[in-house]
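S.K.: give me a model of this one.
(one chain, ligands or ions: 1)
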Amino acid sequence: MSVAIDPVCGMEVEIHDEALTATIDVASLSVATQPGRTAGAPDPNVAGGERFWFCGRGCLLDFQDEPERFLDAGFQPSGM
Ligand SMILES: [Zn+2]
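M.R.: Below you'll find the model as predicted:
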């Protein structure tokens with residue numbers, strides 16, 4: 001079983017078919033070239049897209065609202 005890190009809360013999330021996931025066009029964001037930023041898994045279906053996994057709907061919605069905030073190298077997940 002592989003796991004991903006929820007970029008919002010820092011929890012480990014199991015990757016499975018029903019996991020909450022979102023692909024963000026990171027290449028279009030200003031943080032795309034920032035050293036040390038949080039990176040997702042490259043999504044072969046979306047040019048410049050990276051895929052992220054979430055522990056719950058709250059984290060997913062927060063992330064979709066402000067992806068740059070959570071990908072920033074200076075962001076510290078608060079935990080839940
Ligand atoms: Zn979370």
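
S.K.: is stretch 18-35 anywhere near the ion?
M.R.: No: remark: stretch 18-35 sits outside contact range of the ion, by Cβ under 5 Å from the ion, the gap being at least 8.9 Å. All C-beta atoms are positioned from the backbone trio N, CA, C, and that covers glycine.

S.K.: ok, now which ones touch the closest residue to residue 47 other than its chain neighbours?
M.R.: In space, residue 47 comes closest to residue 27 once its chain neighbours are excluded; the distance is 7.3 Å by Cβ to Cβ, 6 or more residues apart in numbering. With contact taken as Cβ atoms under 8 Å, 6 or more residues apart in numbering, residue 27 is in contact with 47, 48, 49.

S.K.: next up, phi/psi of residue 64, please.
M.R.: Here is the backbone geometry of residue 64 (degrees, to the nearest 10): phi -70, psi -30.

S.K.: before we move on, what SS does residue 9 have?
M.R.: Recorded secondary structure, residue 9: coil (DSSP: H, G, I helix; E, B strand; the rest coil).

S.K.: repeat that for the one 4 residues further on.
M.R.: Counting by three-state DSSP, the backbone at residue 13 sits in strand.
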